[in-house]
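**Student:** Structure for the following, please:
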Amino acid sequence: MGESSDWGIETSTTAAAPAPPKGATSMPVDMPGMPAAPVSAGRTKLHPFNAELDAAELDERWRPGTTWTAKARGLGRSHLVLQSRRMTYVGRVIVAAVHLIDSEPVALMGRVSVCEYEQEGLYRIELELLPVPGQGPIRDWVTSKGK
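**Tutor:** Take a look at the predicted model:
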């Protein structure tokens, strides 16, 4: 049936541990007005987009956490690609305050579809864009980044 380990615990050699459910995240997926987890459509056409931005991962109550800096590298109709020293997990939602020429930062929000190590301590993070709420803690966070 199974083998006995050094501690006298019987282990099975044929049964493997079950895999976690596909698409499982610690983030709520049923927030009103938010689409479900992204469906990967492969690589989309991205246009070069170089901009400094502040980013924050949303917690389970959809409030921005600790802010870090990143650089935007590409922008498409539904995707934003960032380069960051901080890694994140697929399925998490990130809000970004993009600093352009204007005094007010532009708010973008997206669900992480790819996070992979690129080079020299930098991660490539692909976001599938989501609508940004017009009010609440996310909008307050973005407004505070313009000051």
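
**Student:** Val142 falls within a helix, correct?
**Tutor:** Yes - under DSSP: H, G, I helix; E, B strand; the rest coil, Val142 sits within a helix.

**Student:** Skipping adjacent residues, who's closest to it in space?
**Tutor:** Excluding its sequence neighbours, the residue lying closest to Val142 (C-beta to C-beta, 6 or more residues apart in numbering) is Ala107, at 4.2 Å. Where you see a C-beta, it was placed from the backbone N, CA and C, and this is true even at glycine.

**Student:** Secondary structure element holding the one you found?
**Tutor:** Assigned by DSSP states H and E, Ala107 belongs to strand 106-119.

**Student:** Next, the buried residues of that strand.
**Tutor:** 107-115 (16 or more other C-beta atoms under 10 Å).

**Student:** before we move on, back to that, mind listing what the residue nearest to Val142 touches?
**Tutor:** 95-98, 132, 138-139, 142 (C-beta atoms under 8 Å, 6 or more residues apart in numbering).

**Student:** what's the first-to-last distance across stretch 79-97?
**Tutor:** Using C-alpha to C-alpha, to the nearest Å, one end of stretch 79-97 lies 15 Å from the other.

**Student:** And stretch 133-146, by the same measure?
**Tutor:** End-to-end for stretch 133-146, by C-alpha to C-alpha: 17 Å.

**Student:** who touches that stretch?
**Tutor:** 33, 54, 56, 58, 62-64, 67, 95, 97, 99, 103-105, 107, 109, 132.

**Student:** List only buried entries from those residues.
**Tutor:** 54, 56, 58, 62, 64, 95, 97, 99, 105, 107, 109.

**Student:** does the fifth one have beta-bridge partners, and which?
**Tutor:** Going by DSSP bridges, Pro64 is paired in beta bridges with Leu58.
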